[in-house]
Each structure stands twice: as C-alpha cells, then as structure tokens.
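[1] Quick one: sequence and predicted model below, then my questions.
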Amino acid sequence: MTGWIFAGSLVLALVAVYRPFGDYLHRVVTGTRHNVVERGVYRVVGVEPGTEQSWGVYARSVLAFSAVSILFLFLFLRLQDKLWLSLGVDPVNPHVAWNTAVSFVSNTNWQAYAGESALGHLVQMDGLAVQNFVSAAVGIAVAVALVRGFAAKKTATLGNFWVDLTRITVRVLLPVCVLATLVFMVAGVVQNLSGGTDVTTLTGATQHITGGPVASQEAIKLLGTNGGGFYNANSAHPFENPTTWTNWLQMFLILLIPFSLPRLFGRMVGQNRQGYAVVAVMAVLALASVALTVAFEVHGAGTVPQAAGAAMEGKETRFGVTGSAVYAAVTTLTSTGAVNSFHDSYTSFGGMMPLVNMMLGEVAPGGTGSGLYGLLILAIITVFVAGLMVGRTPEYLGKKIGAREMKLASSYFLITPALVLTGTAAAFATGNNGTALNVGPHGLSEVLYAFTSAANNNGSAFAGITVNTLWWDTALGLAMLLGRFLPMVLVLALAGSLARQKVTPESEGTLPTHQPLFVGLVVGVTVVLVALTFLPALALGPIAEGLS
Amino acid sequence: MRLPAWLGQHLAALRALLVLTVLLGFAYPLAFVALGRVPGLADNAAGSLVTAGSSLIGQSFTDADGNPVPRYFQSRPSAAGDGYDPTSTGASNLGPESVVDTLSADPEEAAPSLLSQVCARSLAIGELEGVDGSRPYCTPDGVGAVLAVFHRDGLTGPVTRAVSVNQTGTPFLPTYQGVPVEPAQPGQDYRAQGGVITPIRGTAPSHPVIPPDAVTASGSGLDPHISPAYANLQAPRVARERGLPLDRVHELIAEHTAGRALGFLGDPTVNVLQLNSALDGKS
C-alpha cells in the first residue's frame, strides 16, 4: 500500500513540474540572449552564438567533443596517481581506463572499477563528474536538434551544438544540481576532500570512514541520468543516499528532465497536444513496468526469497522491498543505471524487468534527450506501420516519412539489438561468459544484462559478473561507444532530412498523432518490436530460471 | 595559416572541455566543499561522525574471531569485505536460485550458495537468541535442503538416485520417492551429471521467527539499520547480558526507531550503532 502512495507521489510531482519545467527548457534552447558565463565559454571555444550548423556539422561537433572527451578522460585515469588528491591509488590499467572513459562520455556510467578503492577524488570530480554534466547536455542537444528538424520549414540548419551544449549545462543542469547538492548535504551526503577517517568501533575494531566530494557528484549523477556512483555500492551506500526521502528525491531527479522534454517538443512544433501524446506513451509504459517490478519483488517467488521470507538480499532496510523495486524500474526505464539495491539478487521475474526496461530502448521516459529521440523514432515507425495499413504515404507533424527517413529510423532501431545479441553470443562463443558469478540460466542473464546495459547506455548491472578483464572491457566499451554515437548520427541525419522538407498540410487521410489511438499504437509497436527481438534471449535466462 | 576544419573542430572541442571542467569540475564542487565547512552542515559533510564511527555507516558488533558480542545488538550480514568495510562496499550478487554449494575440504575453494548462507545464519541466530531458527528449504544442520534427483529417462521416469548436494554427512531426508538419499561428494557436479536440482520445502513456517533482514546481506554492505522485528528479537538477550530490565531495552529500541518518513516513504528502521551506543551510555 505504501508503495502505491510512494509511486503516486512521484507521479504527482512530475505532473506538477511538466509544464513549468518543460516551458523553461523550451526557453533555454530557443533563447537568443546569452549571459556572461555563456559568452565567456563561446569566446574560449571560438564560436559565434548566432551561427547555425547543418546536420553534418552539428554531428561532427558532437563527435569531436566526445572524441576529445574520451581521450582526455583516458589520460586522466592513466595519470591519476601523479595528480593532486590521488589518495595514493595506482593508475587505472589501460583496458579499464578505456572502458571507463567511453562509459562516462557515452552517458552509460558502467563501472568496471570500484570507486572507493580505485579512484582518487580529482579524477572523480574533474574527470567523471564533468562528463556526467556534458554527456547529459549532449544527449539533450541532439534531441533538440531532432525536434528542430520537425519544426523547421525548408531550412538546412539545426542550430549550433556549442551554444546548445553551453546553455543546457549552464541554465538547466548546473542550477538544479546546485539546489540538489544542498539538499543532499542537509540529508547527510558527504562533501569533503578527505582521504577518509579511521574510527574505532564499539567493539574496538578499526573502520575506515571514506570521504569525497560526493554530494556534488550525486546530484548530476541522477539529474543527468548518468548513474555512476562515487562508491561501488552506488545509491545503496548511506553516504550517497542516506534516507528514505533522499531516495524519493533521487528518483524525482532522474525522471525530471526526461519526463519534461516532451513539453519542449510540443512547444517547439507548435502543438502542445503532441507533447502530451508523447508523454502519455512514456507514462503508460513506465507505470506498467513499475507496477510489475514491485509486484514481482513483493511476491518474492524463488527458493532463496522464500527461505529468507522476503526478497531482501541486496536491499537496504531503510528502502525496503518496495522502495528498492521502484528505484530499479526507474533507473532502467531511464538510461541512469544508478542502483539502490543489487539487481542480481532480485527474484527471477523481478530481475527480468530491469532487463526488459532497457530492451524497450529506454524510451519510457529514457535518458536525458536520448529518451525523447528514441521515442520519436518509435513514433515514426508507428506512423509508417499505420500508413501501410491504409495505403497512404505516412506523415508525422506535417513531414513526409519517405524511404530515406524510414531507412534512418529502422537502422536506429536495429543498432542496439544487434549489439546486445551479437555481444552476448560472442561472450559465450569465446568462453568469456565464464566470469559470471552465478551458474545456469542466471549466468546467462548476467551476460545478457551486461550487453543490454552497455548497448543501451544504462550502466546498471547484474553485478556478480567480473568484467574488468581485457575482453570484457574492450567488448563492452565498443558496445557503449557504438550504442551511443551511431544512433546519434542517424538521429541528426534524420533531423537534417526533415528540416529540408516543406510542411505538408493536414488532410482527411492524415493519421492524428495526438489522440489515444496513436498513443496505444506507439505502445503496441514498441512492445511488439521488443518482444519479437528479445523474447528468445529472455526465455533462456530469467524466464527459464523463474519457471524451473 | 589556416587550420584544416577537422583539426579546428577538435581544438574547439578541447577548449570547450577545458573551460567546462573549470566551471563544473572545480568551481561547482569546491564551492560546496567550502560550504561543507559551515557550522550546521559541517558534521554532515564530514560523514556524520559520532564517538564510535558514523551514524550513517553500519558496523560489526563481533569479536576478533567474528563471533557476535552478546551484549550488543547485531547488525545484518554484510558482503562488504570482511563485513562493514567502507573501502570495499557491495552486495553478494548471488541470484534467487543460488542453491548448490561448491563443497571442498579447502576453505579457499568452498563456496556456499546464497541459500546455504541464509540457512546457516538463521541457525546461528536461532542458537544465539534461543528461538526457532528453522526456515523453508533449510536443513536442520543449516544448509540448503536441495536434492539432485536422477530419473531413469533424463527428466522423466522413476527416480533412480537422489543426492543431498549440500551435505557430506547424514542427509536431511532418508529417502526420496522410495530411493535412499546419498550424501554429496566434494568436487562432483551433480547438475552436469544429469541430476535435476530440486529444493525441498520442508515443514518450516513460511514466516519464520527470525525476520528476513537478519539473514540477508544488504546492497551496500554498510546498512546501518535493522528492522524493529529483528531488534525486538534480540532484546531479551541484550537485557540478560547487561542485567537491564527488558522494558528498559524496549524503550531504547523505541527511541532509536525511525518510522516511515512522512508516513509512506521506506520501511521502519532501528539504527544499530546509535542503539548500542545508548546502551553503553555513549550516545
């Protein structure tokens, strides 16, 4: 019962901020007045804020920024022992450094290292946390570029990447993080540069209480749907998520931007109802997923949960089963991957839900930006399917969905399943599945989860599997890299193609895309596409485990 | 000299990254580190340190050999290092069907399944508190009650052989479907040999006396809390060891119990370190 009130209060809060925060996002990306910080950044970068970029230039800017970021972060991790605040740790080995650099730049935040033992404070604060900000801003920028493509009338340009990156960071991410950091500090999240304090416990043992600039990193970890914890235990750690109400706040921060972006979409295409339709699709999928996850975990099927009396392995007392299960759903419905409980020990079907959420393509509501563009791709596919049924050229928001658009949209959809399924198959073919902790179907689930999480840029894990080997770091690094940037290039190409079109006026045969029928169609297409693609793999893993 | 476009773009990217690092990597976090020195926030920012640790971080109340110190309330099991080690946080990550132990004479190679860990903890707590430690799917000697069942035709047909996979001594069941149950031999993989892994429910109540949080490890390995049910279970022992009236111990438990925040957030909890510190008069 408290679980439903808990989920309901989150829904109410998100409903309350949808319009004001979505309108604010809209003003940020359409505004033409730049404040002093922004002008300073433009001057350093050497960009004229008024200049517009074609889709190709926009895409090359995204890729250049990300490539430089990966190289910078890689070197940072390799040289961390020589820098200030290194706390005496060793340099990160080359394959873990590659994996981590790609992981944070691609907004995945898969962690092949344990924060408290492998990293100094400087690399966390100035390497990882900075990427938490900018990778989120890159995602939003690409989504905004796609929306500009829909809104444009016969133009060749999509805005300016450097301006979008700067304004989203300075006006959206930073101010919300400032507030959230303060609240987290009041709740007890640590914020210091200490290497830790040795204390004597009541029974006379020594315990090393760790330090670190955690609160400031925690805020953006959630707001940017990044998910990389300062500590290995992530949001289960009392220094990251000390209370039940910070647990609520964490989920709110995760969902804030992804659930508000449809408002920006509606505003920019000049029809708020289109935004409502998109957010309705997200909400239907999200509510169904949260309800199922909570139901499976509370029911607590399976030998060990039955023996224990509840599915409490890997869960904190303060969050309980419900507060953990809702978090697990929220973190995988978005591209966050922060965890406040360990999914590997979930019931078979409860643990399948995070996998399914990611397999949905993380569109309900998805990551910052990536959720919106992922869902718009699915909307385009739906319009096309509906068009086939009635034999008309499909249109979405006055733009014709022709052969070029469909090729781009279908390629987008195929990238992650290809990465997930070939990656999983490759792990088994090369014997690298042997690093899984669990045996039988659960061992397969661990491998499948790893590639699903990497290719969808989530970052959560069935964490029993050992992934800091050369093969795993390389393979998952590639999955994260390709799973992030191939779709982005396709989205920008699509945006360019849409922007060049003139707007076709609505006619009697146009499928209305703001009504419940369309919402239902998109939900249906999403579920069917995912089920057809992944059901065989799920049947060998969690379903086999749950039914045995 | 004019730079090629691609090089110019990457240099612009580098400049953007550096200027944003100054803003987001230095100015923003360091401002809050400074704010963390302000009285009122300083205690929190430093880690909520109290006399004997941190009020947010759980600890073990065991002696040097790892045995519970009976005058203290005990924390949950922990998978962080050797238990409650903040430099090695994390969970067991064992799945819901982790039921077959790896048996070995060498303790380095032996690996109990999650089920056997739960059963062993329940048995030990039962003995410590003087209550019934039995649980579903657990043997009386505290391992997972699991058989490898061999059928004549693979998965079907009459049972030809049954092995209690987690026991090397006397099996918990004398016979299974008319076939005598054998003890397991270390080093054998009965699943690979074609045995169907079959957990046996037994007759233990489905809501055992010892609550779930007492027999499961948390996600962080640093859980500072236990459930009020587990605290109440431990109260008679702590009262006896300390020569305190039971009512007084229950009062202290109530003082250190936090209900659901706002009435609906999370589960009720008892902070173990604070409770034990109060018992020691160090709060």
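    The structure has been received and is ready for your questions.
[2] which helices and strands does the one helix or strand residue A:71 maps to pack with?
    Residue A:71 belongs to helix A:55-78 when elements are defined using DSSP states H and E. In this structure, helix A:55-78 makes packing contacts with helix A:94-105, helix A:129-151, helix A:161-168, helix A:470-500, helix B:5-21, judged by 3 or more C-beta pairs under 8 Å, 6 or more residues apart in numbering or on different chains; DSSP states H and E. Heads up, the C-betas are built off the backbone N, CA and C, glycines and all.
[3] tell me the mean pLDDT for the last one?
    Average pLDDT, helix B:5-21: 94.
[4] do the same with the first one
    The average pLDDT for helix A:94-105 rounds to 97.
[5] buried residues in that helix?
    Under the neighbour-count criterion of 16 or more other C-beta atoms under 10 Å in any protein chain shown, helix A:94-105 has A:95-105 buried.
[6] need those residues in JSON lines with distance to residue B:65, can you?
    Converted to JSON lines, the buried residues of helix A:94-105 look like this (distance: C-beta to C-beta, whole Å):
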{"residue": "A:95", "distance to residue B:65": "40"}
{"residue": "A:96", "distance to residue B:65": "36"}
{"residue": "A:97", "distance to residue B:65": "40"}
{"residue": "A:98", "distance to residue B:65": "43"}
{"residue": "A:99", "distance to residue B:65": "40"}
{"residue": "A:100", "distance to residue B:65": "39"}
{"residue": "A:101", "distance to residue B:65": "44"}
{"residue": "A:102", "distance to residue B:65": "45"}
{"residue": "A:103", "distance to residue B:65": "41"}
{"residue": "A:104", "distance to residue B:65": "42"}
{"residue": "A:105", "distance to residue B:65": "47"}
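[7] of all those residues, which comes closest to chain B?
    For the buried residues of helix A:94-105, the residue nearest chain B by C-beta to the nearest C-beta is residue A:105; the value is 10.2 Å.
[8] Make sure the closest one is actually in contact with residue A:66.
    Yes. In this structure residue A:105 lies within contact range of residue A:66 using C-beta atoms under 8 Å: 5.3 Å.
[9] Tell me the residue of chain B that sits nearest chain A?
    residue B:266 (3.0 Å).
[10] got the phi/psi numbers for residue B:174?
    Backbone torsions of residue B:174, given as degrees, to the nearest 10, read phi -70, psi -40.
[11] Thought residue B:180 was touching it, still the case?
    Yes. With contacts defined as C-beta under 8 Å, residue B:174 counts as touching residue B:180 at a distance of 6.7 Å.
[12] more neighbours, these two?
    Using other C-beta atoms under 10 Å in any protein chain shown as the criterion, residue B:174 and residue B:180 rank with residue B:180 on top: 11 against 8.
[13] ok, now which ones touch the more buried one?
    The contact partners of residue B:180, taken as C-beta atoms under 8 Å, 6 or more residues apart in numbering or on different chains, are B:162, B:174.
[14] Show me what it is bridged to.
    On the basis of DSSP bridges, residue B:180 is bridged to residue B:175.
[15] Model confidence at it, what's the number?
    Note for residue B:180: predicted pLDDT of 97.
[16] hey, what's in contact with both of residue A:105 and residue A:66?
    When C-beta under 8 Å, 6+ apart defines a contact, the residues bordering residue A:105 and residue A:66 alike are residue A:135.
[17] Please spell out the segments of the stretch 1-150 of chain B that come in under the pLDDT threshold.
    Within the stretch 1-150 of chain B, the ranges that satisfy pLDDT under 70 run B:1.
[18] hey, where'd the helices end up in it?
    In the stretch 1-150 of chain B, helices defined by DSSP state H, counting those that start in this stretch lie at B:5-21, B:28-35, B:42-46, B:114-129, listed in chain order.
[19] Just send those helices back as TSV, with mean neighbour count and distance to chain A too.
    As requested, the helices of the stretch 1-150 of chain B are arranged in TSV below (neighbours: other C-beta atoms under 10 Å in any protein chain shown; distance: least, C-beta to the nearest C-beta, whole Å):
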stretch	mean neighbour count	distance to chain A
helix B:5-21	18	4
helix B:28-35	19	4
helix B:42-46	18	5
helix B:114-129	23	5
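[20] Pick out the residue of the stretch 51-200 of chain A closest to chain B.
    Checked against chain B (C-beta to the nearest C-beta), the nearest residue in the stretch 51-200 of chain A is residue A:126, 3.4 Å away.
[21] Mind putting the helices of the stretch 1-150 of chain B into CSV with distance to residue A:433?
    CSV is the format used below for those (distance: least, C-beta to C-beta, whole Å):
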stretch, distance to residue A:433
helix B:5-21, 37
helix B:28-35, 39
helix B:42-46, 43
helix B:114-129, 20
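[22] picking that back up, so which of the helices and strands packed on helix A:55-78 gets nearest residue B:48?
    Nearest to residue B:48 among the helices and strands packed on helix A:55-78 is helix A:129-151; the distance by C-beta to C-beta comes to 22.3 Å.
[23] residue in chain A nearest to chain B?
    Taking C-beta to the nearest C-beta, chain B has its nearest neighbour within chain A at residue A:244, 3.0 Å off.
[24] Chain neighbours aside, what residue packs nearest to that residue?
    Using C-beta to C-beta, 6 or more residues apart in numbering or on different chains and skipping residues adjacent in sequence, the residue nearest residue A:244 is residue B:266, 3.0 Å away.
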